[in-house]
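Q: need a structure here:
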Amino acid sequence: GIPGLLLFALLIPIALAWHLGRNYARLDEPAFLARYGFLYEEYHHYACAWESVVLLRKLFLSAVMVFLSITSINRGIQVLTALAILGAAIVAHLLVRPFEMARLDMLEQMSLYATTLTLFLSLFFTYNEVPRGYMAFSLVIVIVNAITIA
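A: Predicted coordinates for the structure are as follows:
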């Protein structure tokens with residue numbers, strides 16, 4: 001059921017972070033790199049478990065969107081909770097700068113900003129009375145996401 005799914009979804013990233021941290025000295029060994037390198041090669045060694053952080057962020061965002069939508073909680077609260085998670089992700093990313101390539105750090109940062117702006121602007125669509133400028137909000141959302149993808 002749901003508890004099992006959540007436990008499984010939480011257990012994988014936590015176990016991954018624990019395993020990579022426990023084997024930190026082996027990160028450059030060819031055998032370890034061949035087996036687990038796809039999980040940490042693009043990150044600095046000090047951030048070898050960053051993939052776990054990304055997985056947990058995605059899990060928490062998904063949980064907010066799924067579980068808060070089936071309750072009687074206002075959609076605005078749902079979006080604000082997601083914005084709080086994204087805010088924490090942005091701060092963590094700016095503090096850690098996990099990627100070895102500065103370009104990837106910048107791309108991840110832009111992606112987090114675009115997602116945050118998209119969710120923020122979507123708040124205007126959660127009310128029964130959509131403001132007159134709803135087309136402008138829609139256009140900004142499309143443009144920001146198109147720029148991020150390009």
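Q: where along this protein do the helices fall?
A: 2-22, 30-40, 50-67, 75-96, 102-122, 134-149 (DSSP state H).
Q: pull out the buried positions in stretch 103-113.
A: For stretch 103-113, a neighbour-count test (16 or more other CB atoms under 10 Å) marks 105, 108, 112 as buried. (Each C-beta comes from the backbone N, C-alpha and C, glycine too.)
Q: now stretch 143-150
A: By 16+ other CB under 10 Å, the buried positions in stretch 143-150 come out as 144, 148.
Q: that one: how far from the chain's middle?
A: Averaging C-alpha positions (CA atoms, centre = their mean, to the nearest Å) puts stretch 143-150 17 Å from its chain's average.
Q: S62: which of the buried residues of stretch 103-113 is nearest?
A: The shortest separation between S62 and any of the buried residues of stretch 103-113 is 16.0 Å, and it belongs to L112 (by CB to CB).
Q: before we move on, back to that, looking at the buried residues of stretch 103-113, which is nearest H44?
A: Of all the buried residues of stretch 103-113, D105 has the smallest distance to H44: 9.9 Å, by CB to CB.
Q: report how many residues lie close to A63.
A: The local packing of A63 (other CB atoms under 10 Å) involves 17 other residues.
Q: please name the nearest non-neighbouring residue to it.
A: Spatial nearest neighbour of A63, chain neighbours left out: L6 (7.5 Å); criterion: CB to CB, 6 or more residues apart in numbering.
Q: mind putting the helices of the chain in a markdown table, mean pLDDT included?
A: As requested, the helices of the chain are exported to a markdown table (pLDDT from 0 to 100):
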| stretch | mean pLDDT |
| --- | --- |
| helix 2-22 | 88 |
| helix 30-40 | 96 |
| helix 50-67 | 92 |
| helix 75-96 | 94 |
| helix 102-122 | 93 |
| helix 134-149 | 83 |
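Q: residue nearest the centroid of the protein?
A: Closest residue to the average C-alpha location of the chain: R57 at 4.2 Å, with CA atoms, centre = their mean.
Q: can you pull the contacts of that one?
A: Neighbouring residues of R57 by CB atoms under 8 Å, 6 or more residues apart in numbering: 85, 89.
Q: what about it, distance to A49?
A: Taking CB to CB, to the nearest Å as the measure, R57 falls 13 Å from A49.
Q: what's the local residue count around the nearest residue to P98 once chain neighbours are set aside?
A: With CB to CB, 6+ apart as the criterion, P98 has its nearest non-adjacent residue at 3.5 Å, and that residue is A47. By the criterion of other CB under 10 Å, A47 has 17 neighbours.
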